[in-house]
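> just the structure for this:
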Amino acid sequence: MQEKLTLMIPGPTPVPETVLKALGKHPIGHRSKEFQTLVRHTTEQLKWLHQTNGDVLAITGSGTAAMEAGIINTLSRGDKVLCGDNGKFGERWVKVAKAYGLDVEILKAKWGTPLNPEDFQKALQEDKNKQIKAVILTHSETSTGVINDLQTISKHVLAHGKALTIADCVTSLGACNVPMDEWGLDVVASGSQKGYMVPPGLSFVAMSPRAWNAQKQSDLPKFYLDLASYLKTANKDSNPFTPAVNLYFALEEALNMMQKEGLDSIFARHARHRAATQAGMKAIGLPLFADESHGSPAITAVAPRNIDAEELRKIVKEKYDILLAGGQDHLKGKVFRIGHLGFVSDRDVLTAVASIEATLQSLNLLKNEMGSGIAAAAKILSSKDS
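Okay, here's the model as predicted:
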């Protein structure tokens with residue numbers, strides 16, 4: 001059947017019908033009073049989502065634009081930074097930092113394992129001369145399905161007294177608790193096509209007062225991503241450049257939905273879907289790539305033994321119109337990833353688990369009794385405690 005594709009990837013994520021309808025409105029002038037009203041409302045909604053009293057700025061661009069903006073607006077050439085690297089996106093921030101001439105110290109962890117907060121604590125405590133200007137890391141490492149302990153790492157950064165925390169929260173914001181002010185985060189980056197339930201095209205940078213103080217000293221080159229210009233126009237409920245007007249319509253509707261559901265309910269739903277997906281895969285007999293104790297609420301990585309993960313993904317898409325994510329770099333063909341981020345329901349999780357189970361049966365690779373996976377997932381989803 002055509003046009004029945006279900007996205008079970010970490011982005012783009014499924015978009016609700018009401019958000020799609022909002023996206024289809026006739027554009028309005030981006031310098032009009034009507035658009036200013038829209039910007040004012042969505043800015044307040046974004047602050048609610050970030051749990052901050054600080055500034056949250058919208059950029060027409062991807063999550064990478066938001067992270068790059070956070071880095072280049074708070075740091076100067078030659079500044080020393082710590083970069084956490086335990087996956088594809090940790091690697092990306094190392095590349096961005098080096099591209100701008102920063103002095104990068106990499107704190108690595110094996111793909112599939114979380115960053116060790118004690119590594120950051122040790123490096124920060126040994127920095128007696130306060131040369132470290134920032135700690136840059138990914139909260140939810142999408143490539144491996146691992147959630148890093150951002151809260152603890154941020155505590156160590158705050159104890160340092162000088163460094164900033166610059167966090168990629170692209171697949172964690174809107175999926176799990178990221179209280180920016182409470183945790184003392186300085187820069188939080190995210191993107192519209194993830195937990196926001198909006199098509200790609202908008203990214204968001206939240207800045208703390210400490211980040212703005214650092215911005216005044218920053219000498220890295222910037223023009224389109226100069227956050228000073230975004231702040232100046234944001235204070236007038238506007239944007240320095242032509243924004244993606246229709247995506248603002250969609251954003252407002254999506255944030256309306258999120259506020260109606262409530263943060264606690266959103267976080268609980270994502271935790272339930274993570275647990276159900278993990279249980280379903282284990283019951284089928286497919287090992288998880290990352291230990292379930294530090295699994296991401298956005299995506300679960302599965303590492304099947306003696307099975308071509310790409311072949312499995314292909315069959316699931318062709319037979320059941322469900323798109324799963326593949327492994328990246330050296331994990332290609334070895335790992336597939338099940339997205340459960342944003343506008344995903346219990347039914348979607350059950351359908352994905354069932355399709356994987358049925359695919360393995362059709363390949364004569366199903367080791368456990370047919371239905372084991374769906375039963376395990378359903379048990380989690382129907383539990384009163386979930």
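> what's the pLDDT at Gly61?
Note for Gly61: predicted pLDDT of 97.
> domain ranges for the protein?
Per automatic domain parsing, the structural domains of the chain span 17-260, 262-382.
> can you redo those domains as JSON lines with mean neighbour count and distance to Gly11?
To be clear about C-beta, it is placed using only N, CA and C from the backbone, and glycine gets the same treatment. Listed next are these as JSON lines, based on neighbours: other Cβ atoms under 10 Å; distance: least, Cβ to Cβ, whole Å:
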{"stretch": "domain 17-260", "mean neighbour count": "20", "distance to Gly11": "5"}
{"stretch": "domain 262-382", "mean neighbour count": "19", "distance to Gly11": "7"}
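> do you know which of the ones you listed lies nearest Lys4?
Closest to Lys4 of the domains of the chain is domain 262-382 (Cβ to Cβ; 4.6 Å).
> quick one: the closest one to chain centroid distance?
18 Å (Cα atoms, centre = their mean, to the nearest Å).
> how about the strands of the chain, start to end?
Using DSSP state E, the strands found in the chain span residues 6-8, 55-60, 80-85, 103-108, 132-138, 140-141, 146-147, 164-168, 187-191, 202-207, 299-302, 322-326, 336-339.
> so how far does stretch 181-195 reach from one end to the other?
One end of stretch 181-195 sits 20 Å from the other (Cα to Cα, to the nearest Å).
> stretch 135-142 now?
Termini of stretch 135-142 sit 19 Å apart (Cα to Cα).
> again with stretch 220-230
17 Å.
> again, but for stretch 205-225
10 Å.
> pLDDT weak spots in the protein?
1-2, 384-386 (pLDDT under 70).
> what lies in contact with stretch 228-245?
With contact meaning Cβ atoms under 8 Å, 6 or more residues apart in numbering, stretch 228-245 is reached by 27-28, 30-31, 35-37, 39-40, 43, 55, 57-60, 73, 201-202, 205, 207, 212, 215, 224, 226.
> on that earlier part again, redo the strands of the chain as a markdown table? Include distance to Ala66.
Output for these, formatted as a markdown table (distance: least, Cβ to Cβ, whole Å):
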| stretch | distance to Ala66 |
| --- | --- |
| strand 6-8 | 22 |
| strand 55-60 | 6 |
| strand 80-85 | 17 |
| strand 103-108 | 19 |
| strand 132-138 | 13 |
| strand 140-141 | 15 |
| strand 146-147 | 19 |
| strand 164-168 | 8 |
| strand 187-191 | 4 |
| strand 202-207 | 4 |
| strand 299-302 | 19 |
| strand 322-326 | 21 |
| strand 336-339 | 20 |
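> can you tell me which of the ones you listed is nearest to Glu91?
strand 80-85 (5.7 Å).
> so what angle separates the directions of the closest one and strand 132-138?
10 degrees (axes from the mean of the first three to the mean of the last three Cα atoms, to 10 degrees).
> tell me what strand 80-85 is packed against?
helix 88-99, strand 103-108, helix 117-125, strand 132-138 (3 or more Cβ pairs under 8 Å, 6 or more residues apart in numbering; DSSP states H and E).
> in TSV: the ones you listed, plus distance to Asp264.
Listed next are those as TSV, based on distance: least, Cβ to Cβ, whole Å:
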stretch	distance to Asp264
helix 88-99	27
strand 103-108	32
helix 117-125	25
strand 132-138	24
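> out of the ones you listed, nearest to Phe336?
Closest among those, once you apply Cβ to Cβ, is helix 88-99, at 15.0 Å.
> and Lys317, how far from Glu310?
Distance, Lys317 to Glu310, by Cβ to Cβ, to the nearest Å: 11 Å.
> pull the contacting residues for Cys176.
Contacts of Cys176 by Cβ under 8 Å, 6+ apart are Ser140, Ile147, Phe267, His270, Ala271, Pro297.
> specify the beta-bridge partners of it.
Beta-bridge pairing of Cys176 under DSSP bridges involves Leu173.
> I'd say Leu150 and Val135 touch.
No: taking contacts as Cβ atoms under 8 Å, Leu150 lies outside contact range of Val135: 10.1 Å.
> list the residues that contact both of those two?
With Cβ under 8 Å, 6+ apart, Leu150 and Val135 have common neighbours Thr165.
> could the contacts of Cys176 be laid out in TSV, adding distance to Thr64?
Listed next are the contacts of Cys176 as TSV, based on distance: Cβ to Cβ, whole Å:
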residue	distance to Thr64
Ser140	15
Ile147	20
Phe267	25
His270	23
Ala271	27
Pro297	21
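> from those, pick the one nearest Arg337.
Ser140 (12.0 Å).
> for the closest one, what are its contacts?
Contacts of Ser140 (Cβ under 8 Å, 6+ apart): 146-148, 169-172, 175-176, 296-299.
> with Lys319 instead?
Ser355, Ala358, Thr359, Ser362.
> would you confirm that the last one contacts Leu312?
Put plainly, it is Ser362. No: with contacts counted by Cβ under 8 Å, Ser362 stays clear of Leu312, the gap being 10.4 Å.
> shared neighbours, these two?
By Cβ under 8 Å, 6+ apart, no residue touches both Ser362 and Leu312.
> most residues in a single helix of this structure, which one?
helix 263-284 (DSSP state H).
> alpha carbons only: can I get that helix in PDB?
Provided in PDB are the C-alpha atoms of helix 263-284 (Å, rounded to 0.1, in the frame of the first residue of the first chain):
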ATOM      1  CA  LEU A 263       6.100  17.300  30.700                       C
ATOM      2  CA  ASP A 264       5.800  14.500  33.200                       C
ATOM      3  CA  SER A 265       3.400  12.600  30.900                       C
ATOM      4  CA  ILE A 266       5.700  13.100  27.900                       C
ATOM      5  CA  PHE A 267       8.700  11.800  29.800                       C
ATOM      6  CA  ALA A 268       6.800   8.800  31.200                       C
ATOM      7  CA  ARG A 269       5.500   7.900  27.700                       C
ATOM      8  CA  HIS A 270       9.000   7.900  26.300                       C
ATOM      9  CA  ALA A 271      10.300   5.800  29.200                       C
ATOM     10  CA  ARG A 272       7.500   3.300  28.700                       C
ATOM     11  CA  HIS A 273       8.200   3.000  25.000                       C
ATOM     12  CA  ARG A 274      11.900   2.500  25.700                       C
ATOM     13  CA  ALA A 275      11.200  -0.200  28.200                       C
ATOM     14  CA  ALA A 276       8.700  -1.900  25.900                       C
ATOM     15  CA  THR A 277      11.100  -1.900  22.900                       C
ATOM     16  CA  GLN A 278      14.000  -3.200  25.000                       C
ATOM     17  CA  ALA A 279      11.800  -6.000  26.500                       C
ATOM     18  CA  GLY A 280      10.400  -6.900  23.100                       C
ATOM     19  CA  MET A 281      13.900  -7.300  21.500                       C
ATOM     20  CA  LYS A 282      15.200  -9.300  24.400                       C
ATOM     21  CA  ALA A 283      12.200 -11.600  24.300                       C
ATOM     22  CA  ILE A 284      12.800 -12.200  20.600                       C
END
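> alright, I will stop here.
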